[in-house]
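# here is my input, please return the structure:
(chains A and B)
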Amino acid sequence: MASLPERSRELAPGAAGSALRSAAPALGGVALALVLHFFATPLIGDFYAKVLLDIGVNIVLAVSLTMVNGFTGQFSIGHAAFMMVGGYVSAMIVYYGSMLGYGSPDLQGGLISSTISGREAPFVTLADLMFAGSLVAGGLFAAACGYVVGLPSLRLKGDYLAIVTLGFGEIVRVLVQSQTGDVLYTVEEVRETPIWQLPTKVGGALGFSGLPFYSSLFWVFLVVSLTLLAAYRLKRSATGRAFLSIREDEIASEAMGVNTTKFKVSAFTISAFFAGVAGGLFAHTIGVTLNPGELGFQKSFDIIIMVVLGGLGSISGATIAAAIVTILPELLRNPEPLLRLWPALAGIGAVAAVAGLVMRARGRSGGLFFKAALAAGIAVALGFAARSAIDAGHDLGRYRMILFALALVLLMILRPQGLFGVHEIWERSMWRGLLHAVGGGGKGRA
Amino acid sequence: MSGEALRVTGICKSFGGLKAVQDFSIALPTGSLRGLIGPNGAGKTTVFNLLTGVYRPDAGRVELGGGEITGRRPFLIAEAGLSRTFQNIRLFGELSVLDNVRLGCHVRARHGTFRALLRTPWQRGEERAIEERARRLLRVFGLEGRAQDQARNLPYGDQRKLEIARALATEPRVLLLDEPAAGMNSQEKLGLRELIRGVRRDFGVTILLIEHDMGVVMDICERITVLDYGKIIAEGTPAEIQSNPKVVEAYLGADDDAEGIDTAYASGRRPAVGGPSDA
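Sure, this is the predicted structure:
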């Protein structure tokens, strides 16, 4: 029998075809980002375009945290700290870079960085490259922090990482809050300040205000695509299986030849990289002031909710959960778009109920269809309840944390591994597991 | 090479005041199949944990194919060619049966994070080679039909088989099997005997087997080492072991003295279970 490396060489595809197949998904990501950027805003309006931006940033955060909490089963509760590190590094480069290069912190980007429609600019400018470079720099800096934090705590088995990341998050927040001074607002001030002092001029507790809004749908969804691609490729590779094996059984994993410390640290470092990039995007999002208070433990916890809801280890699960968790507060504040759907929901419910009756008449249980009908009915009822509550003057948006908490409690009781568990939405085993959970006691199922 | 796959000289391990393993030595010629038996709590699994690096020996030396591996970290020992199964099954339950075996192949692969991110030609080839090898192993163990099932959904006997397949995927010189027959019915145990013989023949591995089921041990092992209170009390062919008074005493207590059994009970051990007459 040929050894594994020999056989690998025999089975390796040609370089050209392989390179094409490797690059194709990334190019697809670029295309998707361009389409969203130029066509989504007119379609869904400025408000939901902004919600879409937030969804994108949260997807990157949730998927990056999935690599640690989901893949390797280590529990990090300081993810926002890496976001903050990346955000400040990126913001500093863009703000002071623009000051020195263009004489003002205003947006100098091309059309791909424009969040305002109808702006006259070239398609892409040098400033866009500066922004992209600042994202990478923020990511690398966050990754370096991740390596330094992860190495000592991940050598040990157990939950040390949770404690260390919590501490790290607080340290970063307090350092930025108390040890940095006001942002420099004039070009003269910036020119007079030595360059190594600029990192301390990021606004302290007041936040880093005056940043240009580079984070357009293009940049955000480009990063989303690349993050998803990276996460998926990692999961479906020897490296990813090593990550998952650590989560499943660290002792067995080590006994099978996995250097668990090395893989835990590398998962943590990669995760910190993407969190840092997400931080850079966050810093340059319209309607956001980069502010240490906003990126504390609460933000870390929001990201954990997304990961746990979606299923620890599921990339598509984290993506969908990030979208739901981001959009739900907006819909609670203004449920009109959802309420407009009620005839469709009622229709689906009716069809499901009829299908269930037909199944029953044929001697099958049809329980799943009845459950779907029930769910649709409940959704319609909730929609009307929400409308009457809003008409009565209640602000439902204020109750969103209660709703999330309730959803988490329900999920932990009904499906502790999260919506999708470790699986992806297109995998058969995921549906089998989910249907089984929905089927509950499985009464009357053949 | 000395023709010895594994040579252990005088390893000791204490936990606080408890001397779990004392002066344990064993030499396995390449291709041999050795049994390691002893009453519950005799220290058999501790020996496995010492050999595979889960614990560090307090003293002594472990050599694998002539190279020293004493006290190395478990993943390095696996890389050197020593693999094992676990008494209480330790599969990667949420992963598929195929992924469990694929993971075993990794130790012979040159995978890397950046190769995986870029999907280089090498990485694609290696993934194919790993899958091919893993599927071949599953076929040997009759598990190819369940390749995509989650490992935790397999019946108990198949889980034990999968653990052996995963251990073999690391291409070991020496395979340590920790009670592979535990929880199997008599039909499955018969199959297991053939399986272990087949594994030794087809994969050319040297096997050290912990087993309580004397039918299995006496049938397939050429030589047997008996451990009691962390010490080797006997070594020999199955026939010699069965008639060795020390071994009988260790399992049944001193036969002329009822107090012997009582003492064994008082020390929390079950002296008669799985005795040599159990075959």
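# count of neighbours near B:Gln123?
26 (other CB atoms under 10 Å in any protein chain shown). The way it works is simple: take the backbone N, C-alpha and C, and place the C-beta from them, glycine included.
# sec struct for the closest residue to it other than its chain neighbours, please.
Leaving aside its sequence neighbours, B:Gln123 sits nearest to B:Arg115 (CB to CB, 6 or more residues apart in numbering or on different chains; 4.2 Å). At B:Arg115, secondary structure determined by DSSP: H, G, I helix; E, B strand; the rest coil is helix.
# show me what contacts B:Arg115?
Contact analysis of B:Arg115 by CB atoms under 8 Å, 6 or more residues apart in numbering or on different chains lists A:237, B:122-123.
# can you lay out the residues you listed as a markdown table showing secondary structure?
Listed next are the contacts of B:Arg115 as a markdown table, based on three-state DSSP:
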| residue | secondary structure |
| --- | --- |
| A:Ser237 | coil |
| B:Trp122 | helix |
| B:Gln123 | helix |
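# in the stretch 51-200 of chain A, which residue sits nearest chain B?
A:Gly73 (10.1 Å; CB to the nearest CB).
# would you mind measuring from that residue to A:Arg236?
Distance, A:Gly73 to A:Arg236, using CB to CB, to the nearest Å: 18 Å.
# neighbour-wise, which of those two wins?
A:Gly73 (19 against 14).
# how close does that one sit to A:Leu161?
10 Å.
# okay, and the common contacts of these two?
Joint contacts of A:Gly73 and A:Leu161 (CB under 8 Å, 6+ apart) do not exist.
# quick check, the residue of the stretch 51-200 of chain A closest to chain B in contact with A:Ser245.
No - here A:Gly73 does not reach A:Ser245: they are 9.7 Å apart, not a contact under CB atoms under 8 Å.
# tell me the SS of B:Leu36?
strand.
# any idea how far it lies from B:Leu18?
Following CB to CB, the distance that separates B:Leu36 from B:Leu18 is 19 Å.
# more neighbours, those two?
Taking other CB under 10 Å, B:Leu36 and B:Leu18 do not tie; B:Leu36 has more neighbours (26 against 11).
# what's across from that one in the sheet?
Note on B:Leu36: beta-bridge partners by DSSP bridges are B:Ile210, B:Thr225.
# surely it meets B:His212?
No - B:Leu36 lies out of contact with B:His212 (CB under 8 Å); the separation is 10.9 Å.
# what's the burial count for A:Asp182?
13.
# mind checking pLDDT for it?
Per-residue confidence (pLDDT) for A:Asp182: 89.
# may I have stretch B:223-237 as CSV, with CA atoms only?
Provided in CSV are the C-alpha atoms of stretch B:223-237 (Å, rounded to 0.1, in the frame of the first residue of the first chain):
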residue,chain,number,x,y,z
ARG,B,223,1.4,-15.1,25.8
ILE,B,224,-0.3,-13.4,28.7
THR,B,225,1.0,-11.1,31.4
VAL,B,226,-0.9,-10.9,34.7
LEU,B,227,-1.0,-7.8,36.8
ASP,B,228,-2.2,-7.5,40.4
TYR,B,229,-1.8,-4.6,42.7
GLY,B,230,0.2,-2.8,40.0
LYS,B,231,2.8,-5.6,39.9
ILE,B,232,3.4,-8.4,37.3
ILE,B,233,2.7,-11.7,39.1
ALA,B,234,2.9,-14.0,36.2
GLU,B,235,3.8,-14.3,32.5
GLY,B,236,3.4,-17.2,30.2
THR,B,237,1.3,-19.1,27.6
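# contacting residues around it?
The contact list for stretch B:223-237 (CB under 8 Å, 6+ apart) reads B:19-26, B:32, B:34-39, B:42-44, B:46-47, B:217-218, B:222, B:238, B:240-241, B:244, B:246-247, B:250.
# now, of those, which are buried?
B:19-22, B:24, B:26, B:32, B:34-39, B:42-44, B:46-47, B:217-218, B:238, B:241, B:244, B:247, B:250 (16 or more other CB atoms under 10 Å in any protein chain shown).
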